[in-house]
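Visitor: Provided below for reference: sequence and predicted model.
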Amino acid sequence: MAENRFSRRTLLKSGAVLATAGALAFELEHNFGAKHVLTSLSSGLQDTISWPTNQLLPTFSQPTSLDVATIIGLPEDQQLLFSAFQGLVNRHKPEIYLLQEDEEGRLTWLEELGIPYRFLSSPWELFAIHPGVARSIVLYDLALPDTINVASTMASLTNSLVCSESLANAAIEATGLLVSTSFVDRFSDKIEAYKWAVNSLLPQCTKRALVGLLPMLPSSTPPVELVPYFGEVFPLSTPQDNLAPNVVNAYFRDFATAIKAFTFSLSPQIPEELDLFNEILFHYDPMSIYLGWFPGGSEGGEVSGVSLLSEHQVPVCASDDFVNMSVTSGVQATITPPPLPPAPFLQNKIYVTLTFTEGDNLEYCEHHMRVLFNDSTRGSIPLNWSISPLLFDCAPMLMSYYYSNATSNDCFVGGPSGSGYMFPSSWPSNLIESYVNATANYLSKTGLSCLYTLNHPQGIPLDIPANVAGAYANIPNLNGILNDWTSNPTFNIASGTLPIVSGQLASTPSELTNFLTESKNNFSGNSPIFVSLGALSWNLTPSQIAPILLGLDSSIYSVVRADHFFSLIRQAKGLPPP
């Protein structure tokens, strides 16, 4: 056993163990499913999370004050300890806000909340401020990283702290709690660990959501070479390919813990892992939500993951780097869509609409979108901002901020592909109504009149199947759909009423310029043409885009918002208003 490994002898020497420790550990490990075990570890506090059946993500109670602690620079196992404890506390009432290193600024959203707060000198103070919330300690095995997810799931169900062996003594000293379960040397591999968790923990977890999180991350992110992929630009190698994961992943643990979500990391591209992934999904009803993300690199990824979940009728919400969702889900905010400016008159021009990608990604909406939105040139040209309608549930304050700070040139469109990310061609077409109905509900609540969809289940962009497009066409007030990015854009009208336009995606200023030049070469001047372009949000900024669009010949080009774009298409094609 390694020197820093936590042993039963060390625990007994600490004097922090109650006489019942051995019996309790035995009960947890061998009879975990028994009702009395869960009861024995109850914190005695009442959960205040609200999760109506017509709501895809839960609402936490409104916070009245917050204790703010920074976990920036702490060892990652400590970050996980505090993030999971934040979830235990905040599911009763949001009272803890943890500062993490975020590109928009660590205080940016805290200051927007409008909630009184105080800074703590150390996150270790949280245990004294909230005694009795945690009832025991669960240890994971760093030699088998996936036990981090298993231990985190168990801790969420038993109101326990989740610890590495090297951190256990400090946690015991700070809390006086005992170690109820250790997963050290418990399993031979990740499949055995997750199979045990499926049998022993999954029955007690929420069936409204499941969470995919890498158990460990690289300690730094190396530069990656970007290469084109079906019109979009993706990393040739992910950080996980370039650098071995070697630090505990503490992100998003607060929310996963608070809602008692089954947490795991399985690749849909590895047969044995895919089999277990499918087994897990059979426990969930249609329109449950998959939060987090997928293993990256050659062993997994977005396309295979979203395809699999679409087949199971489970929308995806990328959220693995979202921080403090157990707070933002409780902060009430009024969502008032920005006023719609008058549309331009229809002329024989090239009408261009340009959309920033990634709006389905909740963490993008929290972090990088805020950076782009702060660009000083925003507002000088019409731009579309894809945004997740599910922010209405999990972070209404974010959506309210964007709406209330929008200019007349900022247009918001629902991110792929409505009520969560899915591929329309992979979703069972005869079962699409539940998804479309949820989408209609969220578009109505958020005032979004245009959608942006992605549909490339094999890595190749496809038109939306006719019957699925027809279901979208039944959504009240839906003006149009921007469907995916391709080298050969298409135009379709669903059910004779809903325009659906695919486009081209630019990842550099030169690509954007080339696409605009191509459109001019295809323009006869005898009738208007309509061009949908995308800006890869990770690569382009409004400052890079604005000079190009402002430099266009206004006698030939007209850059318009997406809602105006579709209104003009409807005029040109003789379609009724939505």
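Guide: Right, received. Where do you want to start? Only a predicted model underlies this, so the values are computations on that prediction, with no experimental measurement involved.

Visitor: strands of the stretch 301-450 of the chain, start to end?
Guide: 316-318, 350-356, 383-387, 410-414, 450-453 (DSSP state E, counting those that start in this stretch).

Visitor: relative to E272, which of those is closest?
Guide: strand 316-318 (22.1 Å; Cβ to Cβ). C-betas here are computed from N, CA, C, even on glycine.

Visitor: for the closest one, packing partners?
Guide: strand 289-292, helix 302-311, helix 362-366 (3 or more Cβ pairs under 8 Å, 6 or more residues apart in numbering; DSSP states H and E).

Visitor: same thing but at 10 Å, please
Guide: strand 209-212, strand 289-292, helix 302-311, helix 362-366 (3 or more Cβ pairs under 10 Å, 6 or more residues apart in numbering; DSSP states H and E).

Visitor: CA atoms only for the second one - export them in CSV, please.
Guide: Taking Å, rounded to 0.1, in the frame of the first residue of the first chain, the C-alpha atoms of strand 289-292 are listed here in CSV:
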residue,chain,number,x,y,z
ILE,A,289,-31.8,14.7,-19.6
TYR,A,290,-28.2,13.7,-20.1
LEU,A,291,-26.0,16.3,-18.5
GLY,A,292,-22.2,16.6,-18.6
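
Visitor: mind checking which of the strands of the stretch 301-450 of the chain is nearest A168?
Guide: strand 316-318 (32.7 Å).

Visitor: need the contact partners of the closest one.
Guide: Strand 316-318 has contacts (Cβ atoms under 10 Å, 6 or more residues apart in numbering) with 56-57, 209, 211-212, 289-294, 302, 305-306, 308-310, 358, 360-365, 388, 390, 393-394, 415-417, 419-423.

Visitor: name the element the closest residue to Y284 other than its chain neighbours belongs to?
Guide: Nearest residue to Y284, sequence neighbours excluded (Cβ to Cβ, 6 or more residues apart in numbering): K207, at 5.7 Å. Following DSSP states H and E, one finds K207 outside all helices and strands.

Visitor: show me the contacts for K207.
Guide: Counting by Cβ under 10 Å, 6+ apart, K207 touches A261, F262, H283, Y284, D285, S288.

Visitor: tell me which of those fall in strands.
Guide: F262 (DSSP state E).

Visitor: now the buried members of the contacts of K207.
Guide: Among those, those that count as buried by neighbour count (16 or more other Cβ atoms under 10 Å) are A261, F262, Y284, S288.

Visitor: do you know the pLDDT at the second one?
Guide: As summarised for this prediction, F262 has a pLDDT of 98.

Visitor: that one contacts N199, correct?
Guide: No: contact criterion Cβ atoms under 10 Å: F262 and N199 do not qualify, at 11.7 Å.

Visitor: before we move on, back to that, now the helices and strands packed on strand 316-318 in CSV, with mean neighbour count?
Guide: Formatted as CSV, the helices and strands packed on strand 316-318 follow (neighbours: other Cβ atoms under 10 Å):
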stretch, mean neighbour count
strand 209-212, 27
strand 289-292, 26
helix 302-311, 22
helix 362-366, 25
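
Visitor: and of those, who's closest to R106?
Guide: helix 362-366 (12.2 Å).

Visitor: centre of the chain versus the closest one, how much separation?
Guide: Relative to its chain's centre, helix 362-366 lies at 7 Å (Cα atoms, centre = their mean, to the nearest Å).

Visitor: dump the buried ones among the contacts of K207 into a markdown table; add distance to L454 as well.
Guide: As requested, the buried ones among the contacts of K207 are exported to a markdown table (distance: Cβ to Cβ, whole Å):
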| residue | distance to L454 |
| --- | --- |
| A261 | 25 |
| F262 | 26 |
| Y284 | 22 |
| S288 | 20 |
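
Visitor: how distant is stretch 100-114 from the center of its chain?
Guide: Distance, stretch centre to chain centre, for stretch 100-114: 18 Å (Cα atoms, centre = their mean).

Visitor: give the rounded mean pLDDT of that stretch.
Guide: 93.

Visitor: partners of the longest strand seen in the chain, with directions?
Guide: In the chain, with assignment by DSSP E, the single longest strand is strand 498-506. Strand pairing for strand 498-506, determined by DSSP bridges: strand 480-485 (parallel), strand 491-494 (antiparallel), strand 529-535 (parallel).

Visitor: list the buried residues in the shortest one.
Guide: Within strand 491-494, the residues that qualify as buried are I493, A494, counting by 16+ other Cβ under 10 Å.

Visitor: what sits up against that strand?
Guide: 463-464, 466-474, 478, 480-481, 483, 498-502, 529-530, 532, 569-570, 573, 575.

Visitor: in ChimeraX, how would I select just the buried ones from those?
Guide: Of the contacts of strand 491-494, the buried ones go into a single ChimeraX selection, burial set by 16+ other Cβ under 10 Å:
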select :463,464,468,469,470,471,472,473,478,480,481,483,498,499,500,501,502,529,530,532,569,570,575
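
Visitor: could you export stretch 408-417 as PDB, CA atoms only?
Guide: C-alpha atoms of stretch 408-417 as PDB (Å, rounded to 0.1, in the frame of the first residue of the first chain):
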ATOM      1  CA  SER A 408     -31.400  45.900 -31.800                       C
ATOM      2  CA  ASN A 409     -28.800  44.000 -33.900                       C
ATOM      3  CA  ASP A 410     -28.600  41.000 -31.400                       C
ATOM      4  CA  CYS A 411     -31.000  38.200 -32.200                       C
ATOM      5  CA  PHE A 412     -31.300  35.000 -30.100                       C
ATOM      6  CA  VAL A 413     -32.100  31.600 -31.600                       C
ATOM      7  CA  GLY A 414     -32.800  28.400 -29.800                       C
ATOM      8  CA  GLY A 415     -29.700  26.200 -29.600                       C
ATOM      9  CA  PRO A 416     -29.500  22.700 -31.100                       C
ATOM     10  CA  SER A 417     -32.000  21.300 -31.500                       C
END
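
Visitor: figure out how far it is from the centre of its chain.
Guide: For stretch 408-417, the distance to the chain centre is 17 Å (Cα atoms, centre = their mean).

Visitor: can you pull the buried residues of it?
Guide: Result for stretch 408-417 [16+ other Cβ under 10 Å]: buried residues D410, C411, F412, V413, G414, G415, P416, S417.
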